[in-house]
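Trainee: predicted model, plus sequence, below.
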Amino acid sequence: MEVPEEISAGTTDIIIVGAGVAGAALAYSLGKDGRRVRVIERDLNAPDRIAGECLMPGGYLKLIELGLKDCVDGIDAQPAFGLVVHKDGKDATLSFPLEKFESHVAAKCFRNGRFVQKLREKAASLHNVSLEQGTVTSLLEKNGTVKGVHYKDTSGRVQTAYAPLTIVCDGCFSNLRRSLCNPKVDIPSHYVGLVLTNCKIPNENYGDLILADPSPILFYPISSTEIRCLVDIPSRHVPSVSNGEMAHYLKTLVAPKVFPELQNSFLSAIEKDNIRVMPNRIMAAAPHPTPGAFLIGDAFNMRHAITGGGMTVALSDVVLLRDLLRPLHDLSDASAICNYLESFYTLRKPMSSTINTLANVLQIVFRAPTDPVTEDIQQASFGYLRLGAACSNGISAIFSGLYPRPFSLAFHFCAIVIYGTCRLLLPFPSPKRLRNAAKFLWVASSILLPFIWSEGVRQMFFPLTVPAYYRTPPGNKDRNV
Ligand SMILES: Cc1cc2nc3c(=O)[nH]c(=O)nc-3n(C[C@H](O)[C@H](O)[C@H](O)COP(=O)(O)OP(=O)(O)OC[C@H]3O[C@@H](n4cnc5c(N)ncnc54)[C@H](O)[C@@H]3O)c2cc1C
């Protein structure tokens, strides 16, 4: 039986679709602010996935801001203080700039399912947050305003839930985002995930990234006894797991590039036949502001997972949305709220644009070079990181989410390009060297500029010139630009 709109809407302020990292954290923070929140999640069992297992220090600070710090307690989370990048027997250490923070601030690595269940428990512990299992099938729209959702409950019956605001956080495979944004999804590569046991990575409390041919390989601990290994394979080459081609690829092409001390564990993880594959998706944020609805998390914006930034961006967006909604006591004027919330898309840029751009650029730069120019670009980037001091610290400050400054990112990209060009021109600029340097500049710019463009140059670098930046809660006058 359908619940009459006025009764149901009167008992719920906000519907949240999906209780993953973004949805569960948002439900808790809005519940804490006194909102009556109804969360509809497709599967309340602990997720078993290879994504979202390393929360950067900047994301951990957001977790603390949301009052969710204890969600990384009791799940055997492992601290990480940086990343070591390896290439041809040399390495570059990227340590997170944690000096100014308390000693517990670090990246936190864990099993994603354990973390998500903790977030859900926290949300459900609030009397004004209800968490129920159901699959949302569509948004309920009337005259261009979203009034709620249609969902299938656990018995398969179609139900309707109403609320003045619906926040969609249904993750990377979202089937609800279509009417709320302009989704252009690119899948440059897939991560193949294995869990290694009975071994230790070479650098305790650091992740390790091997720039190997044919595939970059990433290792980090996800519990006191397990190491996550992710092998990045370009989408056009992903071998099939079911017919054994993937196991063959991993054994013959990837295993020889793995650290010798991890090789036995790597091979036995393949034998255990639990090879997991997940696409690495890139999707720029391109919202269609819609009264009554809002989109966040991977449903809204995705970047390559090489720097593990997705949860940091999602939690940063949750903090921002919570703060924007805080002064609104009445959510009934959907159009006014929609107009006000457009400021979110600019305010989120420092964190989202820096993490997105760095990840999307690095996934190209760090993949196996296919020609001398891409080899030069990889060498220049790796060489720059090996310079240490301000060079490696500047990059780790950004990918840790601790100092998300677009101009700092632009500065380091320019510095890498200058460093790479000088390397090619020295000791003196012969015609051949000048030609190579020109090709280097051309290819480097064609990697970098489209990602900056897709973030929006104005929103990223000159947010104060965007009128929406100055929106104030309905009822207040806009501040002057
Ligand atoms: C291979 C890989 C590795 C990654 N590694 C990292 C990492 O180390 N660190 C990091 O920060 N990020 C990482 N990410 C990104 C990270 O996983 C995401 O950014 C993050 O999980 C996004 O959170 P979310 O809440 O938007 O989505 P999710 O956490 O995926 O949650 C979406 C939720 O919505 C539910 N749902 C979906 N459809 C419906 C529906 N119709 N009705 C109801 N519920 C629904 C799902 O069941 C799920 O619970 C990785 C991504 C990939 C692909």
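Mentor: Nice, thanks for sending it over.
Trainee: look up phi and psi at the most centrally placed residue in the chain.
Mentor: Residue closest to the mean C-alpha point of the chain, counted by C-alpha atoms, centre = their mean, is residue 310 at 1.0 Å. Here is the backbone geometry of residue 310 (degrees, to the nearest 10): phi -60, psi -50.
Trainee: repeat for residue 277
Mentor: phi -130, psi 140.
Trainee: who's in contact with the residue nearest to the centre of the chain?
Mentor: Residue 310 sits next to 21, 51, 52, 298, 302, 303 when contact means C-beta atoms under 8 Å, 6 or more residues apart in numbering. C-beta coordinates here come from the backbone N, C-alpha and C atoms, glycine included.
Trainee: just the buried residues of the residues you listed.
Mentor: 21, 51, 52, 298, 302, 303 (16 or more other C-beta atoms under 10 Å).
Trainee: now those as CSV including secondary structure, distance to residue 28 and pLDDT?
Mentor: Below are the buried ones among the contacts of residue 310 laid out as CSV (DSSP: H, G, I helix; E, B strand; the rest coil; distance: C-beta to C-beta, whole Å; pLDDT from 0 to 100):
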residue, secondary structure, distance to residue 28, pLDDT
21, helix, 11, 98
51, coil, 21, 96
52, coil, 17, 97
298, helix, 19, 98
302, strand, 23, 98
303, coil, 24, 98
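Trainee: of the residues you listed, list those near the ligand.
Mentor: The subset of the buried ones among the contacts of residue 310 within reach of the ligand, by C-beta under 6 Å from any ligand atom, is 21, 51, 52, 298.
Trainee: isn't the first one right next to residue 317, touching?
Mentor: Meaning residue 21. No - counting by C-beta atoms under 8 Å, residue 21 stays clear of residue 317, with 10.6 Å between them.
Trainee: report all helices and strands that the lengthiest helix in the chain contacts.
Mentor: Identified as the longest helix of the chain according to DSSP state H is helix 431-455. On a contact count with 3 or more C-beta pairs under 8 Å, 6 or more residues apart in numbering; DSSP states H and E, helix 431-455 meets helix 349-365, helix 372-386, helix 406-425.
Trainee: which residues of the stretch 51-200 of the chain score low on pLDDT?
Mentor: Residues of the stretch 51-200 of the chain meeting the criterion pLDDT under 70: none.
Trainee: give me the number of residues near the residue in the stretch 151-300 of the chain positioned nearest to the ligand?
Mentor: Using C-beta to the nearest ligand atom, the closest approach of the stretch 151-300 of the chain to the ligand is made by residue 297 at 2.3 Å. Neighbours of residue 297 under the rule other C-beta atoms under 10 Å: 29.
Trainee: in this structure it contacts residue 317, no?
Mentor: Yes - Residue 297 lies in contact with residue 317 (C-beta under 8 Å); the separation is 7.2 Å.
Trainee: what sits in contact with each of these two?
Mentor: Here residue 297 and residue 317 share the contacting residues residue 22, scored by C-beta under 8 Å, 6+ apart.
Trainee: could I get the buried ones among the contacts of residue 310 as TSV with distance to residue 247?
Mentor: Formatted as TSV, the buried ones among the contacts of residue 310 follow (distance: C-beta to C-beta, whole Å):
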residue	distance to residue 247
21	31
51	21
52	25
298	29
302	28
303	29
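Trainee: wait, residue 139 touches residue 177, no?
Mentor: No - in this structure, residue 139 is not within contact of residue 177 by C-beta under 8 Å, at 10.3 Å.
Trainee: can you check which residues contact both of those two?
Mentor: residue 168.
Trainee: return the residues of this protein in contact with the ligand.
Mentor: Applying C-beta under 6 Å from any ligand atom, we find that the chain lies next to the ligand at 17-23, 40-43, 50-55, 135-136, 169-172, 191, 278, 280, 297-299, 305, 308-312, 314.
Trainee: which non-adjacent residue is nearest residue 219?
Mentor: Leaving aside its chain neighbours, residue 219 sits nearest to residue 208 (4.6 Å; criterion: C-beta to C-beta, 6 or more residues apart in numbering).
Trainee: who are the contact partners of the one you found?
Mentor: 83, 84, 86, 201, 202, 218, 219, 220, 259.
Trainee: what mean pLDDT does the helix or strand encompassing it get?
Mentor: Using DSSP states H and E, residue 208 sits within strand 207-210. Here strand 207-210 scores 97 as its mean pLDDT.
Trainee: ok, it: who's next to it in the sheet?
Mentor: Sheet partners assigned to strand 207-210 using DSSP bridges are listed as strand 82-87 (parallel), strand 217-221 (antiparallel).
Trainee: I'd like the next helix or strand past the last one.
Mentor: The helix or strand immediately downstream of strand 217-221 is strand 226-234, counting by DSSP H and E.
Trainee: can you name every helix or strand that that next one contacts?
Mentor: Contacts defined by 3+ C-beta pairs under 8 Å, 6+ apart place strand 226-234 against strand 186-197, strand 217-221, helix 263-271.
Trainee: make JSON lines out of these and add mean neighbour count.
Mentor: As requested, those are exported to JSON lines (neighbours: other C-beta atoms under 10 Å):
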{"stretch": "strand 186-197", "mean neighbour count": "20"}
{"stretch": "strand 217-221", "mean neighbour count": "23"}
{"stretch": "helix 263-271", "mean neighbour count": "17"}
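Trainee: can you list these in a markdown table and add distance to residue 475?
Mentor: Shown next, in a markdown table, are the helices and strands packed on strand 226-234 (distance: least, C-beta to C-beta, whole Å):
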| stretch | distance to residue 475 |
| --- | --- |
| strand 186-197 | 41 |
| strand 217-221 | 47 |
| helix 263-271 | 58 |
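Trainee: rewinding a little: for the longest helix of the chain, which outside residues touch it?
Mentor: Applying C-beta under 8 Å, 6+ apart, the contact partners of helix 431-455 are 284, 349, 352-353, 356-357, 360-361, 364-365, 372-374, 376-377, 380, 410, 413, 416-417, 420-421, 424-425, 429, 460.
Trainee: then stretch 216-227?
Mentor: Residues outside stretch 216-227 that contact it (C-beta under 8 Å, 6+ apart): 53-54, 76-78, 80, 109-111, 195-201, 207-210, 228-232, 254, 257-259, 262, 265, 306, 366-368.
Trainee: mind saving the C-alpha coords of it as PDB?
Mentor: What follows is stretch 216-227, C-alpha atoms only, in PDB (Å, rounded to 0.1, in the frame of the first residue of the first chain):
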ATOM      1  CA  PRO A 216      52.200  -0.800 -12.600                       C
ATOM      2  CA  ILE A 217      51.800  -2.800  -9.400                       C
ATOM      3  CA  LEU A 218      50.600  -1.300  -6.100                       C
ATOM      4  CA  PHE A 219      51.000  -2.900  -2.600                       C
ATOM      5  CA  TYR A 220      49.700  -1.700   0.800                       C
ATOM      6  CA  PRO A 221      48.700  -3.500   4.000                       C
ATOM      7  CA  ILE A 222      44.900  -3.700   4.600                       C
ATOM      8  CA  SER A 223      45.200  -5.600   7.900                       C
ATOM      9  CA  SER A 224      47.900  -6.800  10.200                       C
ATOM     10  CA  THR A 225      48.100 -10.100   8.200                       C
ATOM     11  CA  GLU A 226      47.100  -9.100   4.600                       C
ATOM     12  CA  ILE A 227      48.600  -7.000   1.800                       C
END
